[in-house]
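Chemist: Fold the following and give me the result.
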Amino acid sequence: MIPLLALMLFLMSAYYVLDAYSATKSAQKVVEEVSFKVQASYVFSYALPLVLDLLKRDDPSVDSLQDSWARELTFRTDRGELRITIYDEDRFLNLNSVDEGPYGKFFERLLRLLAIDPSYKENLLVWTGKSKGTINTDYPIKRAPLDAKEELYYMGFDRQDLLGKELGGKFYPGLLELTTVDSKGKVNINTASLYVLMALDQRIDETLASKIIERRNREPFKKPEDLLMVDGMTLDILYNIRDLIDVKSSTFHIKMELRSGERSAVFEVVYDRQADKILYKKLL
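Modeler: Numbering: from 1, shown residues only. Here you go, the predicted model:
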């Protein structure tokens, strides 16, 4: 009986010792994570002015994927590897610019290209207060511009429509991948994706959009009228999309990631170069 009791006491003691050890290790891990985030914030605060200076020194009259800001940058620091990615928000369709006019038609065409019911446009107009009506949603209707494109989840859009899906053996990108709420509204034809280019006008099919991309890869468009140098582009198409396009960008999304072993920290910034103003920043 005594040996059994002693064994039980030993096991109980061992349990509490292990539990205390586990709690200590967990607390230590939290401290190390917080310490790494603090160190990362110092790295990001040092790197950000350099990135903004890169954007300011770039020619603002024309922006393309051949520019220095469009190339991923990687640096070794004493706190880990720093990776910097920059892309312009002007390559996307701006959800806050969607209306009942040409920009609304632009949005409808994009929905069709992504195999999404174009009637969802009305949900967006109601949500942003541009149209009266109601939405079948569990959330209060905002009736104001979107602060984040993820608000589309509240408007009845299917998750697959927003993240991407496969239908009939073909993959369709998600709406979140091709939209923004931060740009000035006009689409930069030097950086826009295939789907966004096709959505500009119903006569821009995949073949013509691919030719536009091929042409800009050789030499960026200096002005919207340069599109006429692309075989298949007509004056009528250019006239129809002239108010939707540009060849330069103003709003840029900067993503910095610091990685050291299994730890990583991410810092995201949205910067308006034209106004020289940071619109958004967040440490993840």
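Chemist: Going along the chain, name the helices of the stretch 1-150 of the chain.
Modeler: 2-57, 102-113, 120-127 (DSSP state H, counting those that start in this stretch).
Chemist: who's in contact with D158?
Modeler: Contacts for D158 (CB atoms under 8 Å, 6 or more residues apart in numbering) come out as I116. C-beta here means a position set from N, CA and C on the backbone, and glycine is covered the same way.
Chemist: what about it, distance to E177?
Modeler: 15 Å (CB to CB, to the nearest Å).
Chemist: can you check K211 too?
Modeler: 22 Å.
Chemist: Contacts for stretch 69-76, please.
Modeler: Taking CB under 8 Å, 6+ apart as the rule, stretch 69-76 contacts 47, 54-55, 58, 64, 81-87, 191, 252.
Chemist: Dump those into CSV; add pLDDT and neighbour count as well.
Modeler: Below are these laid out as CSV (pLDDT from 0 to 100; neighbours: other CB atoms under 10 Å):
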residue, pLDDT, neighbour count
A47, 95, 19
L54, 95, 17
L55, 96, 20
D58, 94, 17
S64, 97, 21
E81, 96, 13
L82, 97, 21
R83, 97, 16
I84, 98, 22
T85, 98, 16
I86, 98, 21
Y87, 97, 16
T191, 98, 23
F252, 98, 25
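Chemist: out of these, what pair is the most spread apart?
Modeler: Greatest spatial distance in those: S64 and E81, 27.5 Å, computed using CB to CB.
Chemist: any idea of the mean pLDDT for stretch 199-216?
Modeler: Averaging pLDDT along stretch 199-216 gives 98.
Chemist: can you pull the buried residues of it?
Modeler: Neighbour-count burial for stretch 199-216, with 16 or more other CB atoms under 10 Å as criterion, is recorded at A199, L200, D201, I204, L208, A209, K211, I212, I213, R215, R216.
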